[in-house]
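In: Okay, predicted coordinates and the sequence, questions at the end:
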Amino acid sequence: MVNNGQSCAFPNFGIPDERANPADSGKIIRAPSAGKSFFQAPFAVYMPTPGFAGTDSFEYEASAAGRGGAPLRLVVRVTIEVSAP
């Protein structure tokens with residue numbers, strides 16, 4: 001992503017993986033070191049620190065419906081390469 005001051009968002013879905021089955025909740029379990037992240041269902045959102053360029057990562061957990069409506073827990077690690085504008 002190019003650090004132009006805007007955030008990027010990662011959508012999360014259950015099974016089946018479709019817009020009709022979005023994650024209903026989530027939380028950040030390891031924050032990024034060069035930015036901010038938060039979970040706003042169904043998205044995990046990352047915002048780099050202004051001026052930052054390099055590699056950053058964070059981890060989050062999301063909850064959605066799995067097969068037959070059973071609860072599904074997703075644990076995701078995101079690694080992002082941020083470049084200067």
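Out: Noted; the coordinates are in hand.
In: just for the protein, where's the confidence low?
Out: Within the chain, no range satisfies pLDDT under 70.
In: Could you name whichever residue is most remote from the centre of it?
Out: Going by C-alpha atoms, centre = their mean, the residue of the chain most distant from its centre is Gly68, 24.8 Å out.
In: Assign that one to helix, strand or coil.
Out: Three-state call for Gly68 (DSSP: H, G, I helix; E, B strand; the rest coil): helix.
In: can you check the one 10 residues further on too?
Out: When the structure is reduced to helix, strand and coil (three-state DSSP), Val78 reads as strand.
In: who's it bridged to?
Out: Phe58 (DSSP bridges).
In: mind listing what it touches?
Out: Under the criterion of C-beta atoms under 8 Å, 6 or more residues apart in numbering, the neighbours of Val78 are 10, 44, 46, 57-60. The C-beta positions use only the backbone N, C-alpha and C, and glycine is treated the same way.
In: Could you export these as JSON lines, including neighbour count and distance to Ala34?
Out: Below are the contacts of Val78 laid out as JSON lines (neighbours: other C-beta atoms under 10 Å; distance: C-beta to C-beta, whole Å):
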{"residue": "Phe10", "neighbour count": "16", "distance to Ala34": "17"}
{"residue": "Ala44", "neighbour count": "26", "distance to Ala34": "16"}
{"residue": "Tyr46", "neighbour count": "24", "distance to Ala34": "10"}
{"residue": "Ser57", "neighbour count": "15", "distance to Ala34": "9"}
{"residue": "Phe58", "neighbour count": "22", "distance to Ala34": "10"}
{"residue": "Glu59", "neighbour count": "15", "distance to Ala34": "15"}
{"residue": "Tyr60", "neighbour count": "25", "distance to Ala34": "16"}
